[in-house]
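# Quick one, structure for this:
(one chain, ligands or ions: 1)
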Amino acid sequence: MKVLVLNSGSSSLKYQLFNMDDESVLAKGLVEKIGLDGSLLTHQPAGMDKVKIEAAIPNHNVAIELVIAALLDEKHGVIKDMKEIDAVGHRTVHGGTTFSESCLINDDVIAEMERLVTLAPLHNPPCILGIKACQEKIPGVPMVGVFDTAFHQTMPPASYLYGLPYEYYEKYQLRRYGFHGTSHRFVSIRCREILGNPEHSKIITCHLGNGSSLAAIKDGKVQDTSMGLTPLEGLLMGTRCGDLDPAILPFLMEKEGLDIAGMNTVMNKKSGLLGISGVSSDMRDVEEAAAAGNERAAIALEVFKKTVLRYIGAYAAEMDGVDAIVFTAGIGENGKAVRKAICENLTYLGIEFDEEANDCRGKEIEISKPGSKVRVFIIPTNEELMIARDTKEIISK
Ligand code: AMP
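Down below sits the predicted model:
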């Protein structure tokens, strides 16, 4: 069975074609700058060089057309006929309370996703464009939606309710939803496997990338997570501020003459590592600047570490203990210094950190010493594979 996985952004479209018989990737690629000047498709068939195809790509329909043409191409294609694609799995962002698991996409699902746009005005519209483009360009191929919020739907009300008047929850579904759910699910499933699939487990998964979130997962079910109604809440991120005193909003809006859009730009695009360091949103640049003596960069690193520690402490307390901590995503998988700084502050949990094992990048490995009371792992995430697995499972039913 072959499954095409699509991740549609507002001006980009990432894809991977899986052979689900052995879960291998046949080809992957990225369409960039959809609707902008300089639009481009970079296509990479497995084991071959990347091919760059420059073309005018005004919308997602044309992007899908180009992806299909690349997959079918005589030279760099990997299939002979579109009929070889059995299903498409879409990364879909906000599933609200409607979607607590992945599902077959039909017109009702699309209508519900459209209704949920109010909760995710930046993220849901491009997903819907990607789905509609497939309906038009590859009609009849079953599609599955895999929601970023779904895994977190097991949170109890005490984790998802904000301390606001209850009527706003009822009126507007204002609550914590959480994101990166597909990643937290993938790495927590793998972590439980490594632990021997025990009946009871308490795991904290740390998805640390450009966007970052933590999840507390007890017996395979999310108890709490750091992102909220939107992906802005929680940890300090590349350009997002994470947790704030809410009173800062009216203060800054008044002092700086900001309207709602302006305030949103400050919190989403100008804050985080970038905002504090003034150097970059990229962890590698901030680490380099700090090593060269840039004080603000050094403070940004400290704030990042502290916010992760704050949530690990909170989640260990909430679950009354923790068996394993997992690091994943760009910083979690590659940032040795960040992992070391965090783990060295967790001796109170009984963690014996293995510095030698930590001296690696991007591979699955245990970075706590044998006998450590809490085990710590690096587990590379693979959201695309998780989406492909869900898609296969759902269309096989
Ligand atoms: P992601 O959003 O998961 O792609 O992660 C992107 C983040 O990972 C950026 O902040 C990168 O700086 C960070 N990252 C990638 N490689 C490294 C590395 N070797 N050390 C530290 N951070 C890294």
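
# which parts of the helix-or-strand element of the chain with minimal mean pLDDT are buried?
Least confident helix or strand of the chain, by mean pLDDT, DSSP states H and E, is helix 124-137 with a mean of 92. Residues of helix 124-137 classed as buried by neighbour count (16 or more other C-beta atoms under 10 Å): 124, 125, 126, 127, 128, 129, 130, 131, 133, 134, 135, 137. Yep, even glycine has a C-beta here, placed from its N, CA and C like the rest.

# helices or strands next to that helix in the packing?
strand 2-8, helix 60-72, strand 85-92, helix 107-115, strand 143-147 (3 or more C-beta pairs under 8 Å, 6 or more residues apart in numbering; DSSP states H and E).

# Now the residue in the chain positioned nearest to the ligand: closest residue in space, sequence neighbours ignored.
In the chain, the residue that lies nearest the ligand is residue 330 (1.9 Å; C-beta to the nearest ligand atom). Leaving aside its sequence neighbours, residue 330 sits nearest to residue 209 (C-beta to C-beta, 6 or more residues apart in numbering; 4.2 Å).

# the helices in the stretch 151-300 of the chain, which residues?
157-160, 166-172, 181-194, 248-256, 260-269, 272-277, 283-291, 295-318 (DSSP state H, counting those that start in this stretch).

# now these in TSV, with mean neighbour count?
Formatted as TSV, the helices of the stretch 151-300 of the chain follow (neighbours: other C-beta atoms under 10 Å):
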stretch	mean neighbour count
helix 157-160	14
helix 166-172	11
helix 181-194	22
helix 248-256	12
helix 260-269	15
helix 272-277	22
helix 283-291	18
helix 295-318	19
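
# Quick one: those as CSV, columns for distance to the ligand too.
As requested, the helices of the stretch 151-300 of the chain are exported to CSV (distance: least, C-beta to the nearest ligand atom, whole Å):
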stretch, distance to the ligand
helix 157-160, 24
helix 166-172, 29
helix 181-194, 9
helix 248-256, 24
helix 260-269, 15
helix 272-277, 7
helix 283-291, 3
helix 295-318, 10
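
# hmm, back to that, just name the most buried of the helices and strands packed on helix 124-137.
Among the helices and strands packed on helix 124-137, strand 143-147 has the highest mean neighbour count (mean count of other C-beta atoms under 10 Å), at a mean of 27.

# contacts for it?
With contact meaning C-beta atoms under 8 Å, 6 or more residues apart in numbering, strand 143-147 is reached by 87-95, 99, 102-105, 109, 113, 127, 131, 134-135, 181-182, 386-387, 390-391, 394-395.

# Quick one: distance of that strand to the chain centre.
Relative to the chain's own centre, strand 143-147 is displaced by 15 Å; criterion: C-alpha atoms, centre = their mean, to the nearest Å.

# Residue numbers of the chain in contact with the ligand?
209, 210, 238, 282, 283, 284, 329, 330, 331, 334, 335, 361 (C-beta under 6 Å from any ligand atom).

# Now with 8 Å, please.
207-211, 238, 273, 281-287, 329-338, 361, 381 (C-beta under 8 Å from any ligand atom).

# follow-up on the earlier one: relative to residue 169, which of the helices and strands packed on helix 124-137 is closest?
helix 107-115 (17.0 Å; C-beta to C-beta).

# Give the other helices and strands that the closest one contacts.
When contacts are defined as 3+ C-beta pairs under 8 Å, 6+ apart, helix 107-115 packs onto helix 124-137.

# Show me which of the residues of the chain next to the ligand are buried.
Listed as buried from the residues of the chain next to the ligand are 207-211, 238, 273, 281, 283, 286-287, 329-335, 338, 381; burial here means 16+ other C-beta under 10 Å.

# In strands, which of these fall?
Cross-referencing these against strands under DSSP state E gives 207, 208.

# still on that earlier bit, contacts made by the least confident helix or strand of the chain with the rest, please.
Contacts for helix 124-137 (C-beta under 8 Å, 6+ apart): 6, 8-10, 13, 59-61, 63-65, 68, 88, 90-94, 105, 110, 113-114, 116-117, 141, 143, 145.

# if we go to 6 Å?
For helix 124-137, the surrounding residues in contact (C-beta atoms under 6 Å, 6 or more residues apart in numbering) are 6, 8-10, 60-61, 64-65, 88, 90, 92-94, 113, 116-117.

# what angle sits between it and strand 85-92?
Orientation note: helix 124-137 sits at an angle of 160 degrees relative to strand 85-92 (axes from the mean of the first three to the mean of the last three C-alpha atoms, to 10 degrees).

# Off-centre distance for helix 124-137?
Centroid displacement of helix 124-137 relative to its chain, using C-alpha atoms, centre = their mean, is 20 Å.

# Equivalent analysis for stretch 113-120, please.
Here the centre of stretch 113-120 is set off from its chain's centre by 18 Å, with C-alpha atoms, centre = their mean.

# repeat for stretch 375-390
Distance, stretch centre to chain centre, for stretch 375-390: 11 Å (C-alpha atoms, centre = their mean).

# Can you list the neighbours in contact with it?
3, 5, 16, 18, 89, 91, 102, 146, 182-183, 186-187, 190, 324-329, 333, 362, 364-368.

# Which secondary structure element is home to residue 377?
Residue 377 is part of strand 375-378, with elements assigned from DSSP states H and E.

# Name every strand pairing with that strand and say which way it goes.
Sheet pairing here is set by DSSP bridges, and for strand 375-378 it gives strand 324-328 (parallel), strand 365-366 (antiparallel).

# Can I get those in CSV including mean neighbour count and mean pLDDT?
Formatted as CSV, the strands paired with strand 375-378 follow (neighbours: other C-beta atoms under 10 Å; pLDDT from 0 to 100):
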stretch, mean neighbour count, mean pLDDT
strand 324-328, 26, 98
strand 365-366, 16, 98
